[in-house]
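Undergrad: I'd like to go over a predicted model; first the sequence, then the structure.
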Amino acid sequence: MTAQELITASLKLINGQAYAPTDTDGELTSALGFLNMMLGDWHTKNLTVPVMTQENLTLVASQASYTIGASGANFLTARPLSVSPATFLRNSGTDYPLDIIGEGEYNGIAVKTVTSIPQKLFYKNNYPLGIIYLFPVPAEAYTLVLNSIKELTDLAALSTTVDLPSVYRRAVIYNFAVELAPQYFAQIDGSVAKTADDMYRTVSALNREDSISDVNDVILTRAGRFNIYTGE
């Protein structure tokens, strides 16, 4: 779903309008600014909106660990909250599965200097830089196809695509309708306002400390049990 589609869905909830605006007058671009302000406000309240991302990262032969983050890291990209089991290695058109393991299992590997095709990945969610550990140590410059959960704090453009869990997508759409309505001098229908409040409470509950800690252990598959990513 693109940022423009999120905004349009919210606009349709304002007074029940069947609304499909274009950006010829900058209306959607202005709305994008308000949406980013709302997401920023949620961030300051420690309400995390998780998005699934996939990135192709080039490994270095004989290098076992890699920092990842927005600045000063081996991989310059937003720091993941957690790594999905859908992560794998690619080499010359062949894909190799990776077992996502915890710190205890990684620490239990007696000899970590073995060089081969990595089979296991441990992600340490440090701040400000996360650390990716691979075992065995990569023998070549393989491609790490990293599927991870990151925090949505900003949408760069109307065309930006975001893979939001359904419960978070609904929370954003309904709450943004409530946020945006005053810009149109419109009154929000009571049922929309109630749904917005209910969804905000739901995602706030998912962001409780115990739910956040579960993310590292219950790593996020579409068919997985209830967690912060799926909301199911």
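TA: Nice, I can see it. Source: prediction; values computed, not measured.
Undergrad: and the helix or strand where residue 11 lies, what does it pack onto?
TA: In this assignment (DSSP states H and E), residue 11 forms part of helix 3-13. Applying 3 or more Cβ pairs under 8 Å, 6 or more residues apart in numbering; DSSP states H and E, one finds that helix 3-13 makes contact with helix 27-44, helix 166-180. Just so you know, the C-beta spots here come from the backbone N, C-alpha and C atoms, and that holds for glycine as well.
Undergrad: among those helices, which is the most enclosed?
TA: Mean neighbour count (mean count of other Cβ atoms under 10 Å) peaks for helix 166-180 among the helices and strands packed on helix 3-13, with a mean of 21.
Undergrad: can you pull the alpha-carbon coordinates of that one into PDB?
TA: The C-alpha trace of helix 166-180 is given here as PDB (Å, rounded to 0.1, in the frame of the first residue of the first chain):
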ATOM      1  CA  SER A 166      -3.700  -5.100   9.000                       C
ATOM      2  CA  VAL A 167      -4.300  -3.900  12.500                       C
ATOM      3  CA  TYR A 168      -1.800  -1.100  12.200                       C
ATOM      4  CA  ARG A 169      -3.000  -0.200   8.800                       C
ATOM      5  CA  ARG A 170      -6.500   0.300  10.100                       C
ATOM      6  CA  ALA A 171      -5.200   2.200  13.100                       C
ATOM      7  CA  VAL A 172      -3.300   4.600  10.900                       C
ATOM      8  CA  ILE A 173      -6.100   5.100   8.400                       C
ATOM      9  CA  TYR A 174      -8.800   5.800  11.000                       C
ATOM     10  CA  ASN A 175      -6.700   7.900  13.300                       C
ATOM     11  CA  PHE A 176      -5.400  10.000  10.400                       C
ATOM     12  CA  ALA A 177      -9.000  10.700   9.300                       C
ATOM     13  CA  VAL A 178      -9.600  12.100  12.800                       C
ATOM     14  CA  GLU A 179      -6.400  14.100  12.600                       C
ATOM     15  CA  LEU A 180      -7.200  15.400   9.100                       C
END
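Undergrad: which residues in the protein form helices?
TA: 3-13, 27-44, 103-107, 166-180, 190-206, 209-217 (DSSP state H).
Undergrad: Let's have those in a markdown table, adding mean pLDDT.
TA: A markdown table is the format used below for the helices of the chain (pLDDT from 0 to 100):
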| stretch | mean pLDDT |
| --- | --- |
| helix 3-13 | 92 |
| helix 27-44 | 93 |
| helix 103-107 | 96 |
| helix 166-180 | 95 |
| helix 190-206 | 94 |
| helix 209-217 | 45 |
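Undergrad: closest to residue 88 out of those helices?
TA: For these, proximity to residue 88 was assessed by Cβ to Cβ; helix 103-107 is nearest, at 18.0 Å.
Undergrad: Thank you, goodbye.
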